[in-house]
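Asker: Generate coordinates for the sequence data below:
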Amino acid sequence: MELVVDSIPGGALFYEECADDLFKVKICLEDHKIVGPIHGYGPNSEEEEFEVERYFSGLLPYVHDVWVRRILLENLIVDAKLELDAYDEELNTASPEELAKIWEPRDRSKWWTLLYLTKREVLQYRKYDAQRNLTKYEKMLARLRSDLARGG
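Answerer: A predicted model of the protein is given here:
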């Protein structure tokens, strides 16, 4: 199945080029799961196809179709849960020595090296960020469902 969403700003799809142009976005689904890369078409031609550089969470503010929004949110929730599981596994299986590693040794004569984090700290921050995203997406999905239940 293929979803098509119109009028998506280039800034939601790409990092630099075409930020102000509007694109048509095609998303392929199999069993309600997003598969393959997401493609943007346009801005001046239906034939010109661009592989989207940004993660599809950037599409959410511009998708107003409730069904498409629900599909995107459900996929984001699944991805966030997988990400959390991966961070948990890494934190639980890595040796203490591995978790204590930093990018390079700290050196008091180079103040910026004092800011380097250990692998444990990096994983914990990323896990926290993934948990925050998961909570945000679950709240958005719950709000979407309650709006549908109220008929709005």
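Asker: do you know how far the spatially most distant residue from the centre of the chain is from residue 125?
Answerer: Centroid-distance maximum for the chain: residue 109 at 37.9 Å, with CA atoms, centre = their mean. Residue 109 sits at a distance of 26 Å from residue 125 (criterion: CB to CB, to the nearest Å). For glycine as for every other residue, the C-beta is placed from the backbone atoms N, C-alpha and C.
Asker: now do residue 81
Answerer: Counting by CB to CB, the gap from residue 81 to residue 125 is 18 Å.
Asker: So between these two, which is more surrounded?
Answerer: The neighbour comparison of residue 81 against residue 125 (other CB atoms under 10 Å) goes to residue 81, with 15 against 12.
Asker: Model confidence at the more buried one, what's the number?
Answerer: Listed pLDDT for residue 81 reads 96.
Asker: The one 3 residues further on too?
Answerer: Model confidence at residue 84, given as pLDDT, is 97.
Asker: give me every residue that touches it.
Answerer: 127, 130, 131, 134 (CB atoms under 8 Å, 6 or more residues apart in numbering).
Asker: on contacts alone, who are the packing partners of the helix or strand of the chain with the lowest mean pLDDT?
Answerer: Lowest by mean pLDDT, DSSP states H and E among the helices and strands of the chain is strand 49-51, with a mean of 76. Strand 49-51 sits against strand 33-41, with contacts defined as 3 or more CB pairs under 8 Å, 6 or more residues apart in numbering; DSSP states H and E.
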